[in-house]
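> I would like to see how this sequence folds:
(chains A and B)
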Amino acid sequence: AQTVTQSQPEMSVQEAETVTLSCTYDTSENNYYLFWYKQPPSRQMILVIRQEAYKQQNATENRFSVNFQKAAKSFSLKISDSQLGDTAMYFCAFMKNNDMRFGAGTRLTVKP
Amino acid sequence: GAGVSQTPSNKVTEKGKYVELRCDPISGHTALYWYRQSLGQGPEFLIYFQGTGAADDSGLPNDRFFAVRPEGSVSTLKIQRTERGDSAMYLCASSLDLDTEAFFGQGTRLTVV
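Have a look, this model is predicted:
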């Protein structure tokens, strides 16, 4: 099975500033999908952003963007103009043929 | 339905008892996943279904755990002879098709006392 590593258990950022969360993965596959999910305290997991491995262009969703480095097997998430509502656990996920595996997560706290 | 529904939202059971956790996926979603999440940890894969069949059950920790999806829609995760170590949040997710976004339910928090 594929493995996903998030090396930052906890991070914090000041409101309105930018933060980058790291994710690396291990796979021998060429085509696959990568996701960042957000899990606010006591609330359900929701999708933040998605990247197809065959696309060179980095995905962007409003204040959220990724830096996808396929050769390095790296998939970091950048949050710009951080808001208090961004406080949550963030999980990186790898998917191939509906087999989806998650990293251990990064707890992000946005400070006012 | 509008989203993935999991019932019950909370379940407290005594050690050694049998429990069933239910997941209603989004209508039309062919793939269904079960994960287990301990406090402060990432979701741990248990099993996923493509239609009625278990495409991969390699994450089930032992033979006390079993899951079914008899009609390709609702799924039930069954745990026999529960142990205190089974206490966790059990998450269900579904996706429309191969390698598309997975939508998660609110989870069932299982506590074995």
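> looks like A:G105 contacts B:G42 (just checking).
Yes: the criterion here is C-beta atoms under 8 Å, and A:G105 meets it with B:G42 at 4.7 Å. Placement of C-beta: from N, CA and C, glycine included.
> hey, what's in contact with both of those two?
In terms of C-beta atoms under 8 Å, 6 or more residues apart in numbering or on different chains, A:G105 and B:G42 are both contacted by the residues A:6, A:91.
> ok now do A:Q8, which residues does it touch?
A:Q8 neighbours (C-beta under 8 Å, 6+ apart): A:21-22, A:106.
> just the closest of these to A:F64, please.
Nearest to A:F64 out of the contacts of A:Q8 is A:L21 (C-beta to C-beta; 10.3 Å).
> in the sheet, who's paired with the closest one?
A:L77 (DSSP bridges).
> helices and strands of chain A: which one bottoms out on pLDDT?
strand A:99-102 (a mean of 88; mean pLDDT, DSSP states H and E).
> anything in it near chain B?
Yes: using C-beta under 8 Å from any C-beta of the partner chain, strand A:99-102 reaches chain B at A:99-102.
> buried subset of those as a PyMOL selection?
Of those, the buried ones can be selected in PyMOL as follows, counting by 16 or more other C-beta atoms under 10 Å in any protein chain shown:
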select buried, chain A and resi 99+100+101+102
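> quick one: end-to-end distance for stretch B:78-85.
As for stretch B:78-85, its first-to-last residue distance stands at 15 Å under the measure C-alpha to C-alpha, to the nearest Å.
> can you give the contact residues for that stretch?
B:13-21, B:64-68, B:86, B:110, B:112-113.
> repeat that for 6 Å
The contact list for stretch B:78-85 (C-beta atoms under 6 Å, 6 or more residues apart in numbering or on different chains) reads B:13, B:16-20, B:64-66, B:86, B:112.
> strands - which of these land there?
Using DSSP state E, B:13, B:19-20, B:65-66, B:112 are the members of these that sit in strands.
> which member of these is positioned nearest B:A2?
Nearest to B:A2 among those, counting by C-beta to C-beta, is B:E20 at 23.3 Å.
> list the contacts of that closest one.
Taking C-beta under 6 Å, 6+ apart, one finds B:76, B:78 in contact with B:E20.
> for it, list each beta-bridge partner.
Under DSSP bridges, the beta-bridge partners of B:E20 are B:K78.
> distance of it from A:L47?
28 Å (C-beta to C-beta, to the nearest Å).
> strand partners (parallel or antiparallel) of the strand or helix carrying A:V66?
Assigned by DSSP states H and E, A:V66 belongs to strand A:64-69. Strand A:64-69 pairs in its sheet with strand A:60-61 (antiparallel), strand A:74-79 (antiparallel), by DSSP bridges.
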